[in-house]
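A.B. asks: coordinates only, sequence not included:
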């Protein structure tokens, strides 16, 4: 499983990441950050689908996403 | 909010034993919120510049020249020495910087009103002299900072606050294509137009910025990259529709590509 | 060129170049305009030989902004132009002042307004000393009256620019630029950058990034910045300087600057020989203005009813500053020689005698 971390204080809720995600797992949350932007999220159950392609982070205008990829050589069969 | 003070976030940002951080912020990009509107791609362009400065090891030698418009806060977002130029004069100021410090890496970050209207003379002549500087030019077809007035790059028919019925060729002329114009000048070593509307185009943009920086370092001449960028606020479009407009309306008028490239 | 002292018979414009070079000028940017083209021409030949950078800019707008870039790097930079070109530079001069950057700008004043003509004029006095561009700022202004002063004042101008981190204007005119005189040149001047290593841009290697700007958006920051600038302009006042001649017992003191001051001095000398008690003050700095010196002369001359006459090559600009300076104890009459051609000392004899006469009348009236 790969995963992304959204820096919620930086997110402006523009949803360019959601539009770019090939797995369509990024969605608008019901939460607002301190600036009043409705931030994005990935549901816990959807994170397993993340491939770590980093498309979301690439198109994010505010560099608000970090991407972690799981090494395949772990051998756990994930 | 200070990112570092959130313990839960810190835990999430720590890679697990079998994890690799595959996307992080460039080192030269200052860890601070950006003032740009939601979906505006200025921030993304700053990130590409910062990444290139890091990759080429230029940050400690870089002197940036800021301009006027939404581009004005370049110094807030990239960690480097910077001087602020009057509206349109960034390439003249950069000429002075480079002539005084030929060993430093010098670049400007300018919008379309700044470079292609009030600063056309300075831009064209710095390019024609082959000044060893690099120019990052952001074309979003409008004056963003002042409230969405018509720019020299505004598309025909596009409505702005100073052409409410849409830009007409008869009275306002047609959009100016700077990347092609720059390519005509002998002093220009690299000129390209790129977009950041897709991952594929972002990768091409990164290559173009690298090349525009390399020609300066190699002493070949003036490096120029025109970025097509969105202005959701003044276009009155949501960020996703604005991003789509880049593909459907801007690229047909402003074709992407490398218009000039000198080899070493 | 050898470092030794040498004397050359040269134009004022050429003396400007040699002064700049002996002051350590590293960058010169300019656009051609009559009557100062000797400066870029000679500079283009000499500056690159000495490792400096010469750029013929596409306009005065560009050359002044090139100064902004070079000055931000702490380089010794200068430009030269004449009136219409200086108008085009005002935007950049405002930014230079706002960003507190040192540079030297030479204006060989020609006739105006508009295209005017190529003859001498002092029509740019207000523009030079009252700011010129937008915002609340000042530039130091030096006014040479001879080829020697063209050379000396360039060296002084570079020093003052760095001392105060401020643009310095050298305001000459067509006459002082074109006139040939013997000029003593002393070789490279001692260089003091007054701590420029603490602010100049050179790349942020091993230190925090530096920023030079004139934009102040945060609450109260612009007010603070303007206050700091005002304090700096106040500190500059001690640099005020003027040549005085035969003022001790003068009943009438003529005030004139630049070449006009020099011509007026001939008239004063002639009238002294004829027994008239007249003297001269020639401001060498126009900003700061030698107000204290003039006020002192007015105060000390109260008993003899000392009066002033300001002579300018315009319709009356510096006379406002003279009147402000002497207002507690005296007043200044004005004689303006219309710009565009050259007066001789004879042209000033009549106006000086008239002012002396009027002073006597008003003195009798008071008695």
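C.D. replies: Arrived safely, thanks for sending. Keep in mind that what you see is a predicted model, and the values were worked out from it rather than measured.

A.B. asks: For residue 69, list the residues it contacts.
C.D. replies: Defaulting to chain A. By Cβ atoms under 8 Å, 6 or more residues apart in numbering or on different chains, the contact list for residue A:69 reads A:2, A:52, B:19-20, B:22. Using the backbone N, CA and C atoms, a C-beta is placed for each residue, glycine as well.

A.B. asks: Chain C was what I was after
C.D. replies: Counting by Cβ under 8 Å, 6+ apart, residue C:69 touches B:65, B:83, B:85, B:92-100.

A.B. asks: One more: residue C:325?
C.D. replies: C:289-292, C:294-295, C:298.

A.B. asks: which among the residues you listed end up buried?
C.D. replies: C:289-291, C:294-295, C:298 (16 or more other Cβ atoms under 10 Å in any protein chain shown).

A.B. asks: wait, which of these is closest to chain A?
C.D. replies: Comparing the buried ones among the contacts of residue C:325 against chain A with Cβ to the nearest Cβ places residue C:289 closest, at 51.6 Å.

A.B. asks: so what's that closest one closest to, chain neighbours aside?
C.D. replies: In space, residue C:289 comes closest to residue C:321 once its chain neighbours are excluded; the distance is 5.0 Å by Cβ to Cβ, 6 or more residues apart in numbering or on different chains.

A.B. asks: Most proximal residue of chain A with respect to chain C?
C.D. replies: Closest point on chain A to chain C, by Cβ to the nearest Cβ, is residue A:35, at 18.0 Å.

A.B. asks: isn't that residue right next to residue A:12, touching?
C.D. replies: Yes: Residue A:35 lies in contact with residue A:12 (Cβ atoms under 8 Å); the separation is 7.5 Å.

A.B. asks: between these two, which one's more packed in?
C.D. replies: Comparing residue A:35 with residue A:12 by neighbour count (other Cβ atoms under 10 Å in any protein chain shown), the higher total belongs to residue A:12, at 26 against 14.

A.B. asks: Can you name the residues that contact the more buried one?
C.D. replies: A:35, A:37, A:61-62, A:64, B:37-39.

A.B. asks: Measure how buried the residue of the stretch 251-367 of chain C found nearest chain A is and give me the count.
C.D. replies: For the stretch 251-367 of chain C, the nearest residue to chain A under the criterion Cβ to the nearest Cβ is residue C:287, separated by 47.0 Å. Counted with other Cβ under 10 Å, residues neighbouring residue C:287 total 25.

A.B. asks: Tell me what it is bridged to.
C.D. replies: residue C:141 (DSSP bridges).

A.B. asks: So which residues make contact with the host helix or strand of residue C:266?
C.D. replies: Element membership of residue C:266 [criterion: DSSP states H and E] is helix C:258-273. Contacting residues not belonging to helix C:258-273 are listed as C:120, C:122, C:143-146, C:171-173, C:175-176, C:179, C:243, C:245-246, C:254, C:256, C:278-280, C:282-283, C:311-313, C:337, C:343-349, C:352-353 [Cβ under 8 Å, 6+ apart].

A.B. asks: Buried ones among those?
C.D. replies: Here, 16+ other Cβ under 10 Å leaves C:120, C:122, C:143-146, C:171-173, C:175-176, C:179, C:243, C:245-246, C:254, C:256, C:278-280, C:282-283, C:311-313, C:337, C:343, C:345, C:348-349, C:352-353 buried among those.

A.B. asks: hmm, back to that, just the buried ones out of the contacts of residue C:69, please.
C.D. replies: Buried among these (16+ other Cβ under 10 Å): B:65, B:83, B:85, B:92-100.

A.B. asks: Please identify the buried residues of the host helix or strand of residue C:229?
C.D. replies: According to DSSP H and E, residue C:229 maps onto helix C:221-236. The neighbour-count check on helix C:221-236 (16+ other Cβ under 10 Å) flags C:229, C:232-233, C:236 as buried.

A.B. asks: next one: phi and psi at whichever residue of the stretch 51-200 of chain C sits closest to chain B?
C.D. replies: For the stretch 51-200 of chain C and chain B, the shortest gap (Cβ to the nearest Cβ) falls at residue C:69, measuring 2.5 Å. Phi and psi for residue C:69, reported as degrees, to the nearest 10, are phi -70, psi -50.

A.B. asks: ok, now the one 5 residues further on?
C.D. replies: Geometry field for residue C:74 lists phi and psi as phi 80, psi 10, criterion degrees, to the nearest 10.

A.B. asks: Just confirm it contacts residue C:196, I think it does.
C.D. replies: Yes: taking Cβ under 8 Å as the definition, residue C:74 is a contact partner of residue C:196 at 4.1 Å.

A.B. asks: When those two are compared, which one has more neighbours?
C.D. replies: residue C:74 (22 against 16).

A.B. asks: Contact partners for the more buried one?
C.D. replies: B:100, C:193, C:196-197, C:199-202.

A.B. asks: Kindly report the same for residue B:149.
C.D. replies: Contacts of residue B:149 by Cβ under 8 Å, 6+ apart are B:142-143, B:160-162.

A.B. asks: most neighbours, which of those residues?
C.D. replies: residue B:142 (27 neighbours).

A.B. asks: Could you tell me how far that one is located from residue B:236?
C.D. replies: 11 Å (Cβ to Cβ, to the nearest Å).

A.B. asks: Please apply the same query to residue C:155.
C.D. replies: 59 Å.

A.B. asks: Over to residue B:52?
C.D. replies: 33 Å.

A.B. asks: what about those two, which has more around it?
C.D. replies: residue B:52 (26 against 11).

A.B. asks: Flag every residue of chain A that's near chain B.
C.D. replies: When proximity is defined by Cβ under 8 Å from any Cβ of the partner chain, chain A lies next to chain B at A:3, A:5, A:7-10, A:12-16, A:19-20, A:33-35, A:37, A:52, A:54-55, A:57-63, A:65-71, A:74, A:76.

A.B. asks: So which of these sit within strands?
C.D. replies: A:3, A:5, A:65-70 (DSSP state E).
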